[in-house]
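Undergrad: Pasting a predicted model and its sequence here:
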Amino acid sequence: MPNWVEWQIMLLGMLRADIVPATIPVRIDAASLGHVAQLIGARLLIVAGGASAQSLEDLAAHVADGCPHALDVLIVSPTGEIGHRP
């Protein structure tokens, strides 16, 4: 996600909830993201939404579909709206 206020709020919320965030480069390919998600046992991918970020949403959904364990995708729009992609 870009360095939005929403990202900072989520990061602080994750830390407060004793969740260990793993920041991943935005220019990562699906195979690398899937490998990292499996290695760390990721349960949630949070991505930026919006028209320009559609490919990132699709990438995250593709990785979640191919992951052997449950992996949800949360999409945060530039206006701060939060959506879920099964």
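TA: Nice, I can see it.
Undergrad: From what I see, Leu11 and Val20 are in contact.
TA: No: in this structure Leu11 lies outside contact range of Val20 using C-beta atoms under 8 Å: 11.2 Å. Every C-beta, even on glycine, is put in place using the N, C-alpha and C of the backbone.
Undergrad: out of these two, which sits in the busier spot?
TA: Each of Leu11 and Val20 has its neighbours counted (other C-beta atoms under 10 Å); Leu11 has more, 15 against 7.
Undergrad: show me the contacts for that one.
TA: Pro21 (C-beta atoms under 8 Å, 6 or more residues apart in numbering).
Undergrad: Next up, identify which helix or strand it is on.
TA: helix 5-16 (DSSP states H and E).
Undergrad: Counting neighbours, which bits of that helix end up buried?
TA: For helix 5-16, a neighbour-count test (16 or more other C-beta atoms under 10 Å) marks Glu6, Met10 as buried.
Undergrad: before we move on, what about stretch 29-44?
TA: For stretch 29-44, a neighbour-count test (16+ other C-beta under 10 Å) marks Leu33, Gly34, Ala37, Ala42 as buried.
Undergrad: now, which of those residues lie within helices?
TA: Leu33, Gly34, Ala37 (DSSP state H).
Undergrad: Next one: the last one, what pLDDT does it get?
TA: The one in question is Ala37. pLDDT recorded at Ala37 is 91.
Undergrad: how far away is the residue of the chain positioned farthest from its centre from Met10?
TA: In the chain, Arg16 marks the outermost C-alpha relative to the chain mean, sitting 18.3 Å out by C-alpha atoms, centre = their mean. Distance of Arg16 to Met10, computed by C-beta to C-beta, to the nearest Å: 11 Å.
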